[in-house]
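Participant: Provide a 3D model corresponding to the input given below.
(one chain, ligands or ions: 2)
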Amino acid sequence: MPGPRTLYDKIWQDHLVGTQDDGGTLIYIDRHLVHEVTSPQAFEGLRAAGRKLRSPERTIAVPDHNLPTTEGRETHIEDDQSRVQVDLLDRNAREFGLHYYPVADVRQGIVHVVGPEQGWTLPGTTIVCGDSHTATHGAFGALAQGIGTSEIEHVMATQTLLQSKSRNMRVEVSGPLPRGVTAKDIALTIIGRIGTAGGTGHVIEYCGDTIRALSMEGRMTLCNMSIEAGARAGMIAPDETTFAYLKGRPHAPKGAQWEMALAYWRGLQSDPGARWDREISIDAAEIVPTVTWGTSPEDTAPITGAVPDPERFEGPKREAARRALDYMGLTPGTPMEEVAIDVAFIGSCTNSRIEDLRAAAEVVRGRRLAPGVRGMVVPGSGLVRAQAEQEGLARIFTEAGFEWRLAGCSMCLGMNPDRLEPGERCAATSNRNFEGRQGRGGRTHLMSPAMVAAAAITGRLTDVRKLETVAS
Ligand SMILES: CC(C)[C@H](C(=O)O)[C@@H](O)C(=O)O
Ligand code: SF4
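Facilitator: Numbering: from 1, shown residues only. Ligands and ions are numbered 1, 2, ... in the order given. Have a look, this model is predicted:
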């Protein structure tokens, strides 16, 4: 009899195909998500070898990174490399016969938004994509990991992946979330505490009553940033919230198959007494709206705090902090709330789902962008966009002066026309604040959608809890 197992152990064992002498293990892959940036070489490799996709019915492709988010993009993309990659994906998807959501399809969007929305992402499945934020799908109790280009080709050809098993890490968050605090603040708080290497070599399972109370959108936000904590993947055991989200989705099981799936899914939890290699617990009451000040997602500060003094840090982090503040144009001791912004970006696979747009719209409603601030809202998919229009959210944003864009990765990274100018400072709902991430010389502060909305309205980083008081 096997001893008590974690959720990760269970999914891993249910997907074992074989183990090699060197400890490498082949696992079966249930879903392969594909986007235009990391797939061209893999398709080319298959073509050169005269191979087909092993399981086109388990492979899903959608363009997202390189697409402009303005009208007319289905007929013309200015940038040569972007156009070539989007065209190649189109050609490859049609030739290899996989599930495909082309640019003009209303279901197109960021791959990590589209997968769950279409019901491809299911509990207990293994999911890979040539993209580090594949961790997002772990919100459904799936083992979801980013892979590299040679692995993409391997999965395409064999529907398996060579892996070694990671260690188990448990992150427990307990208690009700304070007002104005969201899943994004949980993610930033965890990364701030354990650092960007804190999860290295581990698969994180998030648990505790705070996590159980999160919506699927919130769970996706949290799991999305597991990779920023260095983890191989992040996951949350499926429950009634998960099942309610999935029921009726286009590719979720139906009828008798749904009932069978539910019976299996209900067993997908870590057993009491399962062994953890690392455990962290966090009291939700201690979490406050959080922002980043530097060029690593671990450079976090409460919005009530100040830009830190690099001298406060030990070892190489001291020099890194100096350099980060220099790049960010910030002076130690400046209250975070005094930092003025140029751009407010609401989007990315971290925070571009309907609940994120609702949270931002609630803050924006009846207000206007601060003078001189550029505001952009980029829904995660065409369907999120349509729903936001139906709910009247789009009007709230446009009346406030925000640009209302088409779905894509947009200003999350500088691979398409949505970019910061050198020196511009941006309040962003995305997940990475590396140097140049949103455009050369651009300065990024990560935070929740409500916090970006608050910054957009006042023109500087702002504690959203204050604004809400003014509104009510
Ligand atoms: C372009 C892609 C490979 C990359 C990733 O792997 O994450 C991107 O999505 C990102 O967020 O930096
Ligand atoms: S939205 Fe950003 S983080 Fe997500 S896949 Fe696109 S570029 Fe990567």
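
Participant: from the chain's centre, how far out does the helix of greatest length in the chain sit?
Facilitator: The helix spanning the most residues in the chain, taking DSSP state H as the definition, is helix 80-96. Here the centre of helix 80-96 is set off from its chain's centre by 24 Å, with CA atoms, centre = their mean, to the nearest Å.

Participant: got it, and stretch 442-449?
Facilitator: Relative to its parent chain, stretch 442-449 has a centroid offset of 14 Å by CA atoms, centre = their mean.

Participant: With stretch 356-367 instead?
Facilitator: On CA atoms, centre = their mean, the centre of stretch 356-367 falls 21 Å from that of its chain.

Participant: Using PDB, write out every CA atom in it.
Facilitator: Output in PDB follows, covering the C-alpha atoms of stretch 356-367 (Å, rounded to 0.1, in the frame of the first residue of the first chain):
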ATOM      1  CA  ASP A 356     -10.300  41.400 -12.600                       C
ATOM      2  CA  LEU A 357     -12.000  43.800 -15.000                       C
ATOM      3  CA  ARG A 358     -15.000  44.100 -12.600                       C
ATOM      4  CA  ALA A 359     -12.700  44.900  -9.700                       C
ATOM      5  CA  ALA A 360     -10.900  47.600 -11.700                       C
ATOM      6  CA  ALA A 361     -14.200  49.000 -13.000                       C
ATOM      7  CA  GLU A 362     -15.600  49.300  -9.500                       C
ATOM      8  CA  VAL A 363     -12.800  51.700  -8.600                       C
ATOM      9  CA  VAL A 364     -12.900  53.600 -11.900                       C
ATOM     10  CA  ARG A 365     -16.700  54.000 -12.000                       C
ATOM     11  CA  GLY A 366     -17.700  57.700 -12.200                       C
ATOM     12  CA  ARG A 367     -14.100  58.900 -12.100                       C
END
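
Participant: is that stretch anywhere near ligand 2?
Facilitator: No: using CB under 6 Å from any ligand atom, we find that stretch 356-367 stays clear of ligand 2, coming within 12.4 Å at best. Any C-beta I mention is one placed from the backbone N, CA and C, and that applies to glycine too.

Participant: Follow the chain on from the longest helix of the chain and name the next helix or strand.
Facilitator: strand 99-100 (DSSP states H and E).

Participant: Paired strands for that next one, with orientation please.
Facilitator: For strand 99-100, the paired strands and their directions (DSSP bridges) read strand 59-61 (parallel).

Participant: can you pull out the strands in the stretch 201-350 of the chain?
Facilitator: Under the criterion DSSP state E, counting those that start in this stretch, the stretch 201-350 of the chain contains strands at 202-207, 233-235, 278-283, 290-292, 300-302, 343-346.

Participant: Dump those strands into CSV; add mean pLDDT, distance to E314 and mean neighbour count as well.
Facilitator: Below are those laid out as CSV (pLDDT from 0 to 100; distance: least, CB to CB, whole Å; neighbours: other CB atoms under 10 Å):
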stretch, mean pLDDT, distance to E314, mean neighbour count
strand 202-207, 98, 24, 26
strand 233-235, 98, 28, 29
strand 278-283, 98, 21, 14
strand 290-292, 99, 20, 26
strand 300-302, 98, 17, 21
strand 343-346, 99, 33, 28
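
Participant: picking up where we left off before, what's the mean pLDDT across the longest helix of the chain?
Facilitator: When pLDDT is averaged over helix 80-96, the result is 97.

Participant: begin at 45 from here
Facilitator: Taking 45 as the first residue, the last one we looked at is helix 124-140.

Participant: quick one, the biggest strand by length in the chain and strand 322-327 angle?
Facilitator: Counting by DSSP state E, the longest strand found in the chain is strand 211-218. On the basis of axes from the mean of the first three to the mean of the last three CA atoms, to 10 degrees, strand 211-218 is oriented at 10 degrees to strand 322-327.

Participant: what's next to strand 211-218, contact-wise?
Facilitator: 50, 52-53, 230, 234, 243, 245-255, 275, 314, 318-328 (CB atoms under 8 Å, 6 or more residues apart in numbering).

Participant: That one pairs with which strands, parallel or anti?
Facilitator: With DSSP bridges as the test, strand 211-218 is paired with strand 246-251 (parallel), strand 322-327 (parallel).

Participant: Ok, which of those comes nearest ligand 1?
Facilitator: Closest approach to ligand 1 among the strands paired with strand 211-218 (CB to the nearest ligand atom): strand 246-251, 17.4 Å.

Participant: residues contacting the residue nearest to R151 when sequence neighbours are not counted?
Facilitator: Spatial nearest neighbour of R151, chain neighbours left out: Y145 (4.8 Å); criterion: CB to CB, 6 or more residues apart in numbering. Contacts for Y145 (CB under 8 Å, 6+ apart) come out as I104, A105, V106, R151, Q152, G153, V158.

Participant: What does Y145 show for phi and psi?
Facilitator: Backbone torsions of Y145, given as degrees, to the nearest 10, read phi -120, psi 90.

Participant: Also the one 10 residues further on?
Facilitator: For V155, the backbone dihedrals are phi -50, psi -40 (criterion: degrees, to the nearest 10).

Participant: For it, give me its contacts.
Facilitator: So V155 contacts L77, V78, H79, I104, V106, D108, C173, D175, C393 (CB under 8 Å, 6+ apart).
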